[in-house]
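Novice: build me a model:
(chains A, B and C)
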Amino acid sequence: MPTRDPMRERKREETPVVSLLTDFGTTDVYVGVMKAVILGLCPQAQIVDLSHEVGPGDIQAAGFRLDAAWAYCPAGTVHVVVVDPGVGTERRVLAVEAGGHRFIAPDNGVLTQVLAAAKRYRAFSVVEREFFMPEVSGTFHGRDIMAPVAARLAGGLPIHAVGPEVTEGIVTATVSRPAVAPGGLEVHVVHVDRFGNLITDLTERELHDWQSESGGRRFIVEVGGRTIEGIRTAYGEAASGELLSVLGSTGRLEVAVNMGSAAEELGVGRGATLVLKGRT
Amino acid sequence: MPTRDPMRERKREETPVVSLLTDFGTTDVYVGVMKAVILGLCPQAQIVDLSHEVGPGDIQAAGFRLDAAWAYCPAGTVHVVVVDPGVGTERRVLAVEAGGHRFIAPDNGVLTQVLAAAKRYRAFSVVEREFFMPEVSGTFHGRDIMAPVAARLAGGLPIHAVGPEVTEGIVTATVSRPAVAPGGLEVHVVHVDRFGNLITDLTERELHDWQSESGGRRFIVEVGGRTIEGIRTAYGEAASGELLSVLGSTGRLEVAVNMGSAAEELGVGRGATLVLKGRT
Amino acid sequence: MPTRDPMRERKREETPVVSLLTDFGTTDVYVGVMKAVILGLCPQAQIVDLSHEVGPGDIQAAGFRLDAAWAYCPAGTVHVVVVDPGVGTERRVLAVEAGGHRFIAPDNGVLTQVLAAAKRYRAFSVVEREFFMPEVSGTFHGRDIMAPVAARLAGGLPIHAVGPEVTEGIVTATVSRPAVAPGGLEVHVVHVDRFGNLITDLTERELHDWQSESGGRRFIVEVGGRTIEGIRTAYGEAASGELLSVLGSTGRLEVAVNMGSAAEELGVGRGATLVLKGRT
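Specialist: This is a model prediction of the structure:
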C-alpha cells in the first residue's frame, strides 16, 4: 500500500462505514428503512450492502459471507448482521469489537467465524434503550435496535455504553471443516456463488499443510463422480467449459467451470463433499 | 431519543437524503442513471433505495411500501416515486410537502396514503423546465424530470419554485380497508413480504377499536381454511413451523409461520381476505 | 441547465463518483467487498451501481448498459466495469480517459461503444502494483486491481500513473448495427428491459437518415409476425395492451406494449430482427 495521506485519514474519520448483511431481500422496504434510520442518526455514514440475499434465517450462509467480506472494509467499520429468526425472543443482541471492527448481530452464531479468527475480542449485550428507536417492535430489531445502535457507534458512541460486557455463553454455529478420512481429505462446499463456483471449507493454509504432511505430492479432486487434476491460478487457464480447481478469492479451494457453472455441470450444491487424494 | 447533538444537525443539513422507490428492477441501468443525475446536481446527497422491485406499474404496491417507509427517513428527505405507467402522457408530476418531508411522484394515486395521513400538505405541479434535464424524453421522466427536480429540492430549491400549486383533482388510488361483516371483521392481505408473511390492512389501532367495540374479548383469525388463536408479540413465540398472528413492524396485523412462509403454507396471497372473530 | 453554483462545484470535487457495472449479482458479497475497498481508499466517494445483473461474462450486455448510462454521470466519474471472464489470464486491465470520464475495465471489448463514441481518448495499461491491493488473487481483479485503482483515480491520482499508454491492439466487441436489406431496414433487439420493452440498435439519427433517404415517408415495423404502424412519443399513447414503437429513453427505437410486455406478447428476445418498411 502507498504511504498514507493525512487528508484521506481525516476524511475517513468523517465518513464512517456501516456494512449491512441481512436476509431481507430487496423486494421489501426493510433494508431501506434500516438505512434511513442510520442516516437519521449518522448523516455522514457510508453504508455498504454486503448482501441482502441470504436465505431466510440461514445463519451459516450469513456467517460465510461476513467472514469473506468484513476484513476488506476500512478499520472501524460497523457491521450490522440481521439474520435473526429469533427476533423478539430472549436471544441477545450483541455488540462486538474484534480486529479493529465493530459488529452488531443477534447472538445466534452468525459471528462464529469472526470471533474464532479474532485474537481477542470484547462483546457487549445491547440493552441500553436510550440508544434504540423510541418504540421497539417485536419483529424488526434490525430497524429498532441494531440500526440505531450501529449509527451511534459509527458516530462515536463507545461500545461499552450499549450494555454489560458478555464474557460467556455466546452462541456458536457449526462451521463446516475439512476432515482427514481413509480415502483422502474430505472438504465440503460451503457456498455456491452466482457463477456456479463451488467454494469449499478448505483454506490455502490447510491445503498446504495437508500437502506437506502427505509428502508435498500432487493431488486430484474427486467431486460429483468426476476427477480434477491439480490446481489452476485462474479460471481462464482451463479450456472453455472445462472443470478446474483453483484457490479462489476467499482464499479457499474452489471448483469451477471456465465460462460455465460447476454447480450445474456437476449437479452439486452446498453441503456436498469433495475428496482430495494424493496423486503419484 | 437522546438529546440532539448540534454537530450532527449540521451534518444532516449538509447531507440531504433522497429516497428512491421504483418499479425499475435492478437488471437495467435506469436506477443507476437516476442516481447519477441526482449526484450531478446534488453531490452531497445520501441516496436510499426503498425498493426497486415494485411490480411494473403496480401503484398499490408502491403506495404500501412508501407508507411503510417514509416516516423512518430523516426530516426533509426528498422521496422520489417512479411507478409511472402514464409517463409522457398528460398526467401531472407532483411535488408535495407533507409531514416535514418532500415527495416527487406522478399524479396517479401512489401518494394516496401519504396525503391521507398528513394533517395538511401542499402540492405543486412540476412544470418549470429550467429544473429538468435539458432534453426530456417521453418515456423516462424519472431521469429527465423527477431526479433533477428532487436533487434541486434536496439542494435547497424551495418547493413552490417547481410550478403552480395544486389544490384539487389529485388522483387517489383505492386503498384496501378492513370491513365489518356479519361473520366478523374482514381484513385483507395488502403485501406478502420476502419471508412469506401476510401483511394486512388492519392497523393496531383499528384492531384495538374493534376489540373494544366487541367487548374486549379474545379473537381468532380465519385464513385459508385455518384458524389462528390470539396474537403473539414475536415470530419465535410460536413453535417452528407453527402459524401465528402478530402485530408486525408496520403496525399492522400480520399472519406468519415461525421459520417458514405463511403464504406457502396457506396458499394465500395479496388480496386474500382474513376474518377476525370474537372468541368466547 | 441553470447557472452553476460555485458551492455545488466545490462539493462535487469533494465527492467524486465511482460507478460500478458487473456481472456479480447481489447474492454474493463481491460487490460489497469492492465498495469496501473503494471507501477504504477514497472515503468521500459516492458509489453508484449501474447494474450487477449483467449475465455472467456477457460482454455485449455490459457494453450496452455502459453506453446507455455513463454520460448521465457527473464529469470526472470513474466507471468500473467488471465483466471479466478472462480474469487472471494475460488480458490487460485498461484505464481510459474519454469524454471527461474515466473507465477501468478488462481489455475484452466491453468499452467498444465508449471508445467509438469518443472523439479522442487515452488508454493506459493498469500495471503499477503499488496501486493494487497488497495481494492480488487470480480470480477477483475487481477487488484487487480495479477497485483500488478506481478509488485512487477518484481521489486524484493522474491516470497516466497507472501504467504505460496503450496505443494499439485494444480488443473490440461486435456491436449490433442496423442493415439496409432488400425488404427494408433490418434492426436488431440489443436489450430486453424489465418491462419487456425491446430496445433496438437503431438510433434516432439513423432512423431520421433512413427516413430522409427513403423520401421522408411513414413506415411500419414488422416484428414477430406482427406489424406496428408509425411511432409514438409515449407508451400511454397506445391503448392498454396495444403494441407500439417509440423512441425510447436511450435514444433508440423501442418496441413496447402499453401496460404489458412486448417480449412476452411477441415471444421475441435479444438478437431478434425487426424490419422497417416504407408505407405509402
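
Novice: counting contacts, what elements does the helix or strand in which A:L202 is found pack onto?
Specialist: For A:L202, the element it lies in under DSSP states H and E is strand A:198-203. If contacts are counted by 3 or more CB pairs under 8 Å, 6 or more residues apart in numbering or on different chains; DSSP states H and E, strand A:198-203 sits against strand A:184-192, strand A:252-257, helix A:262-266, strand A:273-279. The C-beta positions use only the backbone N, C-alpha and C, and glycine is treated the same way.

Novice: which parts of the following helix or strand past it are buried?
Specialist: The helix or strand immediately downstream of strand A:198-203 is helix A:204-213, counting by DSSP H and E. Within helix A:204-213, the residues scored as buried using 16 or more other CB atoms under 10 Å in any protein chain shown are A:206-207, A:210-211.

Novice: report whether helix A:204-213 contacts chain C.
Specialist: No - Helix A:204-213 does not reach chain C (CB under 8 Å from any CB of the partner chain); its nearest approach is 10.4 Å.

Novice: now do that helix: distance to the chain's middle.
Specialist: Mean-position distance between helix A:204-213 and its chain equals 23 Å (CA atoms, centre = their mean, to the nearest Å).

Novice: got it, and stretch A:113-129?
Specialist: For stretch A:113-129, the distance to the chain centre is 15 Å (CA atoms, centre = their mean).

Novice: is chain B within reach of it?
Specialist: No - under the criterion of CB under 8 Å from any CB, chain B is not reached by stretch A:113-129; the shortest gap measures 10.1 Å.

Novice: if we can go back for a sec, most packed of the helices and strands packed on strand A:198-203?
Specialist: Highest mean neighbour count of the helices and strands packed on strand A:198-203: strand A:252-257, a mean of 25 (counted as mean count of other CB atoms under 10 Å in any protein chain shown).

Novice: what's that one in contact with?
Specialist: A:187, A:189-190, A:195-204, A:207, A:221, A:223, A:228, A:231, A:235, A:238, A:241-248, A:262, A:265-266, A:274, C:139 (CB atoms under 8 Å, 6 or more residues apart in numbering or on different chains).

Novice: now the buried members of those.
Specialist: A:187, A:189-190, A:195-203, A:207, A:221, A:223, A:228, A:231, A:235, A:238, A:242-248, A:262, A:265-266, A:274, C:139.

Novice: where along chain A do the helices fall?
Specialist: Assigned by DSSP state H, chain A shows helices spanning A:6-14, A:30-41, A:59-69, A:112-117, A:141, A:147-154, A:204-213, A:262-266.

Novice: of these, which shows the lowest average pLDDT?
Specialist: Of all those, helix A:6-14 carries the lowest average pLDDT, namely a mean of 56.

Novice: so where is chain A shaky, pLDDT-wise?
Specialist: A:1-13, A:216, A:280 (pLDDT under 70).

Novice: from chain B, how far out is the closest residue to A:R129 other than its chain neighbours?
Specialist: Leaving aside its sequence neighbours, A:R129 sits nearest to A:V136 (CB to CB, 6 or more residues apart in numbering or on different chains; 7.5 Å). Using CB to the nearest CB, to the nearest Å, A:V136 is found at 10 Å from chain B.

Novice: and A:D49, how many neighbours does it have?
Specialist: Counted with other CB atoms under 10 Å in any protein chain shown, residues neighbouring A:D49 total 20.

Novice: dump the residue contacts of the closest residue to A:L244 other than its chain neighbours.
Specialist: Residue nearest to A:L244 in three dimensions, not counting chain neighbours: A:A238, with 4.0 Å by CB to CB, 6+ apart. Contact partners of A:A238, counting by CB under 8 Å, 6+ apart, are A:232, A:244, A:257-258.

Novice: swap the cut-off to 10 Å and go again
Specialist: By CB atoms under 10 Å, 6 or more residues apart in numbering or on different chains, the contact set of A:A238 is A:228, A:232, A:244-246, A:256-260.

Novice: shouldn't A:Y121 be in contact with A:V114?
Specialist: Yes - counting by CB atoms under 10 Å, A:V114 is a contact partner of A:Y121 at 7.9 Å.

Novice: tell me how far the residue in chain A that chain B sits nearest to lies from B:L247.
Specialist: Closest to chain B within chain A is A:G88: 2.6 Å, counting by CB to the nearest CB. Going from A:G88 to B:L247 by CB to CB, to the nearest Å gives 11 Å.

Novice: stretch A:143-162 near chain C at all?
Specialist: No - Stretch A:143-162 stays clear of chain C (CB under 10 Å from any CB of the partner chain), getting no nearer than 12.6 Å.

Novice: does that stretch come close to chain B?
Specialist: Yes - judged by CB under 10 Å from any CB, stretch A:143-162 comes into contact with chain B at A:143-144, A:147-148, A:151-152, A:155-157.
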